[in-house]
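> what follows is a protein structure lacking sequence information:
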DNA sequence: AAAAGTTTCAAACGATTGTTTAAATCATGA
DNA sequence: TCATGATTTAAACAATCGTTTGAAACTTTT
């Protein structure tokens, strides 16, 4: 046993949360899987809620830093010019997909994260909102600059839809087996698949009922 | 009190499930909201699991019947010819969006359904797989007929992504408030928005790494 | 109006939850 | 080596969970 108790608990909790959900995972299950004493969670983290936060923070902070770094790199390369939508999508969703492909813990975590966006629990919502605040602001700005003609509200909805597609993409074949036998073993393929789907959705023509009366009604492509 | 206890419990459970999740909603919360006795759930349904199933079955069966009816109508109209992808998407997702717009219970339920697809609980998974079996089979067949050139696996993934976008669309502005202030009061607008996003994603070019070596590499549109 | 069947009710059940306690064990530096 | 602090341990805590019970109240049938 070379890994310290705190880390073993985080790893075990991550695995069990994705398998059984946050509520249904008990401290006794976690400490048993981590080969630690029941009281260890409250000793090292203070409470179950604090443990949940720690599980998310450990990887989510890093993930969003990566996203911002990727965006910053693209922006430096562009020297002030607006980025291509594809680059922004790549910076936000590509980083996530790539983390989801990392067998070394990232995969488990991203599945957990995917099914937590819709989690109704209050403290999880406020926690996520906090963790995402900066990265959301950066990407919103980048998108608005790249697509000045797209109404902001319209774009926010599309971003929301894209988050949904990402969530299902990384929550993996679990829900997908509902559709039939599927091979999700190739992360590169998943990356390529999701990417072209997202770009296709993002660049779809704006819905006609919403499109502002334009002088060239045919030329209402989003991007 | 004109509505019978059984229905009051179903309504209350639906509301509370979407607000607190399945696990975190207790029978005492439900019976209190329904103004019924605690024992009423076990009397009318047998157990909490059976109640959950009843909550879903009540509306999900009807929803999938509507989907099949819409598809059947399109097929009759087409007289044996393949449907347009847009029609198939309309039959599956349009019906769902329209139900999600129905204030009379449908809205609450669709939000619940959206966040249940990724629910890890075993009995929920098998139950959903059961309820969806027929409708999935019908729509898979229709899509394969409409898009014979798209590899089946590729389409299944896109369908999966589309389910994710739908899920987020109807789980509503809850998660979306993470992005900023948003107006989700207009169901017609939501319908139009999601529809053009889905069609855009579905018809996006196939990812190049996956596209089979073709004689006309430029003409690799999915639909 | 009596009987039979259905629904409601308050109370309690055992099981399990997250958390706390105080003693035991381990590790570290003087 | 001893003392100090950090960690682990077994046991118990109160609270809450889903479920069961048996009698009361209400409906329907005869």
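Thanks, I have the structure now. As the structure is a prediction and not an experimental result, all values here were calculated from the model.
> residue A:164: neighbouring residues, count only.
28 (other CB atoms under 10 Å in any protein chain shown). In this view, the C-beta of every residue, glycine as well, is placed from N, C-alpha and C.
> next one: residue A:30
Residues lying near residue A:30 (other CB under 10 Å) number 26.
> so it is in which element?
helix A:27-33 (DSSP states H and E).
> hmm, that helix in reach of DNA strand D?
No - between helix A:27-33 and DNA strand D, judged by CB under 7 Å from any atom of the strand, nothing touches; the nearest distance is 8.2 Å.
> got the residues of chain A near DNA strand D?
Applying CB under 7 Å from any atom of the strand, one finds that chain A approaches DNA strand D through A:4-5, A:36-40, A:43-44.
> hmm, 6 Å instead?
Within chain A, the positions lying close to DNA strand D (CB under 6 Å from any atom of the strand) are A:5, A:36-40, A:43.
> how does chain A divide up, domain by domain?
Under the assignment named as automatic domain parsing, the residue ranges that make up the domains of chain A are A:1-46, A:56-202.
> lowest average pLDDT across the ones you listed?
Within the domains of chain A, confidence is poorest for domain A:56-202, with a mean of 88 (mean pLDDT).
> does it reach DNA strand C?
No - counting by CB under 6 Å from any atom of the strand, no contacts exist between domain A:56-202 and DNA strand C, the nearest distance being 11.4 Å.
> just how off-centre is that domain within its chain?
Average the C-alpha atoms of domain A:56-202, do the same for its chain, and the two points are 5 Å apart (CA atoms, centre = their mean, to the nearest Å).
> now the terminal residues of that domain, how far apart.
Between the opening and closing residues of domain A:56-202 we find a distance of 28 Å, counting by CA to CA, to the nearest Å.
> what's the answer for stretch A:19-37, then?
With CA to CA as the measure, stretch A:19-37 spans 21 Å from end to end.
> would that stretch count as contacting chain B?
Yes - between stretch A:19-37 and chain B, judged by CB under 8 Å from any CB of the partner chain, the touching residues are A:19-21, A:23-24.
> run a quick neighbour tally on residue A:208.
Residue A:208 has 10 neighbours, counted by other CB under 10 Å.
> select the longest helix from chain A.
Longest helix in chain A by number of residues (criterion: DSSP state H): helix A:48-78.
> against which helices or strands is that helix packed?
In terms of contacts (3 or more CB pairs under 8 Å, 6 or more residues apart in numbering or on different chains; DSSP states H and E), helix A:48-78 is packed against helix A:5-20, helix A:85-89, helix A:95-100, helix A:106-114, helix A:122-146.
> please repeat the previous calculation with a cut-off of 10 Å.
With contacts defined as 3 or more CB pairs under 10 Å, 6 or more residues apart in numbering or on different chains; DSSP states H and E, the packing partners of helix A:48-78 are helix A:5-20, helix A:27-33, helix A:40-44, helix A:85-89, helix A:95-100, helix A:106-114, helix A:122-146.
> of all those, which lies closest to residue A:164?
Minimum separation from residue A:164 across these (CB to CB) falls at helix A:106-114, 9.6 Å.
> wait, does the closest one make contact with chain B?
Yes - using CB under 10 Å from any CB of the partner chain, helix A:106-114 reaches chain B at A:111-112, A:114.
> same for that helix, what does it pack against?
helix A:5-20, helix A:48-78, helix A:95-100, helix A:152-170, helix A:173-176.
> most neighbours per residue, which of those?
Of all these, helix A:152-170 carries the top mean neighbour count, a mean of 24, counting by mean count of other CB atoms under 10 Å in any protein chain shown.
> now do stretch A:98-106: everything it contacts.
Residues outside stretch A:98-106 that contact it (CB atoms under 10 Å, 6 or more residues apart in numbering or on different chains) are A:10-11, A:14-15, A:58-59, A:62-63, A:66-67, A:70, A:96, A:107-111, A:113-114, A:166, A:169-172, A:186-188, A:190-191, A:194.
> ends of it, what's the gap?
Counting by CA to CA, you get 9 Å between the two ends of stretch A:98-106.
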